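>>> test case, fold it:
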Amino acid sequence: MPDSAAPAPVAIDEPGALLAALRGMRNHCPRCDHKPLFARYLKPTPRCACCGQDWTLHQADDFPAYIAIFISGHILAPVLIAVGSRELLPMGVLALIAVLGALLLTIALLQPAKGAVIALQYHWRMHGFDPAERGPDRTPD
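I've put the predicted structure just below:
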């Protein structure tokens, strides 16, 4: 009977910070570029199916949300200022566009931002990704 445990770790060349972040933004494993990084919208897979990297170690917390809101605001602000200064639309319609635009942009940017944050934490060996910080009870990847 085959063991259903995680696959054995594979020796892989470590990607640079930019490449790892781009892989994470695309929902790919930052280590081996295997898809998917996320099992659900914002929940990463426990382990990569290809390289066996443990993704439960990340501590992204609220930082991806801050990134998504920051980018959304910088995209929407010039548009709303330009449309609002010409008085092309009634204020209610402009408010509706602002709320819907902010909501949709933030939701669309949230998963790529979280993937990039997880990838950068892995690349910089933050939190539990550094093998030197692991206790004797943690198995190396």
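
>>> pLDDT weak spots in this protein?
Residue ranges of the chain with pLDDT under 70: 1-12, 131-141.

>>> may I ask you to name the longest helix in it?
If you go by DSSP state H, the chain has its longest helix at helix 91-123.

>>> buried set for it?
Using 16 or more other Cβ atoms under 10 Å as the test for burial, helix 91-123 gives 97-98, 102, 105-106, 109-123. Backbone N, C-alpha and C define where each C-beta goes, glycine included.

>>> and the closest residue to A49 other than its chain neighbours, how far from W55?
In space, A49 comes closest to H34 once its chain neighbours are excluded; the distance is 6.4 Å by Cβ to Cβ, 6 or more residues apart in numbering. Distance from H34 to W55, counting by Cβ to Cβ, to the nearest Å: 12 Å.

>>> what segments of this structure are helices?
Remark: helices assigned in the chain by DSSP H are 17-25, 63-85, 91-123.

>>> show residues contacting the second one.
Counting by Cβ atoms under 8 Å, 6 or more residues apart in numbering, helix 63-85 makes contact with 89, 94, 97-98, 101-102, 105-106, 109-110, 113-114, 116-117, all of which sit outside it.

>>> any chance of a markdown table for the residues you listed, columns distance to Q59?
Shown next, in a markdown table, are those (distance: Cβ to Cβ, whole Å):
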| residue | distance to Q59 |
| --- | --- |
| L89 | 43 |
| L94 | 39 |
| I97 | 35 |
| A98 | 32 |
| G101 | 30 |
| A102 | 26 |
| L105 | 25 |
| T106 | 21 |
| L109 | 20 |
| L110 | 17 |
| A113 | 15 |
| K114 | 11 |
| A116 | 14 |
| V117 | 9 |
